[in-house]
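1. pasted the sequence and its predicted model underneath.
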Amino acid sequence: MISFSFKEIVSVSLILFAIIDILGSIPIIIQLRQREGVIQSEKATLVAGVLMIVFLFVGDGILKLFGIDFASFAIAGAIIIFLMGMEMVLGIHLFHSNPEVKTGSIVPLAFPLIVGAGTMTTLLSLRSAYALPNVLVGILLNLIFVYLVLKSSNWLERKLGQNGTEVLRKVFGVILLAIAIKLFKTNVTF
């Protein structure tokens, strides 16, 4: 019998909301939209949802199948996040896109920005601590919020203006660099 717990759903939702930090990603979303011309909100949300649900059920097994420990996976995500932070702070383009192929909604938006190493680790932890139906509802609630933020990126950019967007981009670029370094430090062992 499926049993839903409002308390567990709220806990799972808040934990995932803090880890995904879609509000903190607004400058990156705006930058991707400017570079690619469009953010495919539905596609990014759907891919993020599929990644989260698949990883919830088989994530640990997938990493073991490829012989990858979670620390190595987290370090790979940290490097991508670091490079994105460098782009934002320095105003350079390290991730070049083919104008005909719009992949920014998948990489780096759906993965590793929305569903990165932190989200994946958290999902494995949530699976062991909470009932599965409550974790799934928490994922769904976060995906709805992510979709709303992605869908409103044009409006957010207009409200912030060019100067506001540029300031946010630099500030969040430094924050991304710090997050990447923390992820790297946490997962590197000498």
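-> Done, it's in.
2. so which elements touch the lowest-mean-pLDDT helix or strand in the chain?
-> In the chain, no helix or strand scores lower on mean pLDDT, DSSP states H and E than helix 70-90, which sits at a mean of 79. On a contact count with 3 or more Cβ pairs under 8 Å, 6 or more residues apart in numbering; DSSP states H and E, helix 70-90 meets helix 26-36, helix 117-129, helix 153-187. The way it works is simple: take the backbone N, C-alpha and C, and place the C-beta from them, glycine included.
3. any idea which of those is most buried?
-> When these are scored by mean count of other Cβ atoms under 10 Å, the highest mean neighbour count falls to helix 26-36 (a mean of 21).
4. can you name the next helix or strand after that helix?
-> For helix 26-36, the following helix or strand on the C-terminal side (DSSP states H and E) is helix 41-65.
5. buried stuff in that following helix?
-> Within helix 41-65, the residues scored as buried using 16 or more other Cβ atoms under 10 Å are 41, 44-49, 51-53, 55-56, 59, 63.
6. who touches it?
-> The contact list for helix 41-65, computed with Cβ atoms under 8 Å, 6 or more residues apart in numbering, reads 69-70, 73, 105-106, 109-111, 114-115, 119-120, 123-124, 126-127, 135-136, 139-140, 143, 146-147, 150-151, 153.
7. could I get the contacting residues of the spatially most central residue of the chain?
-> Centroid check for the chain by Cα atoms, centre = their mean gives residue 114 as the closest residue, at 1.6 Å. With contact set as Cβ under 8 Å, 6+ apart, residue 114 has these partners: 20, 22, 25, 44, 48, 146.
8. need the pLDDT of it.
-> In this model, residue 114 is scored at 90, pLDDT.
9. ok, and the closest non-adjacent residue to it?
-> residue 48 (4.3 Å; Cβ to Cβ, 6 or more residues apart in numbering).
10. quick one: furthest residue from the center of this protein?
-> Ranked by distance from the centre of the chain (Cα atoms, centre = their mean), the top residue is residue 1, with 32.3 Å.
11. okay if I get the buried residues of helix 41-65 as JSON lines plus distance to residue 33 and pLDDT?
-> Output for the buried residues of helix 41-65, formatted as JSON lines (distance: Cβ to Cβ, whole Å; pLDDT from 0 to 100):
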{"residue": "41", "distance to residue 33": "10", "pLDDT": "94"}
{"residue": "44", "distance to residue 33": "11", "pLDDT": "94"}
{"residue": "45", "distance to residue 33": "15", "pLDDT": "96"}
{"residue": "46", "distance to residue 33": "18", "pLDDT": "96"}
{"residue": "47", "distance to residue 33": "16", "pLDDT": "95"}
{"residue": "48", "distance to residue 33": "16", "pLDDT": "96"}
{"residue": "49", "distance to residue 33": "20", "pLDDT": "97"}
{"residue": "51", "distance to residue 33": "21", "pLDDT": "95"}
{"residue": "52", "distance to residue 33": "22", "pLDDT": "96"}
{"residue": "53", "distance to residue 33": "26", "pLDDT": "96"}
{"residue": "55", "distance to residue 33": "26", "pLDDT": "92"}
{"residue": "56", "distance to residue 33": "29", "pLDDT": "93"}
{"residue": "59", "distance to residue 33": "29", "pLDDT": "86"}
{"residue": "63", "distance to residue 33": "32", "pLDDT": "82"}
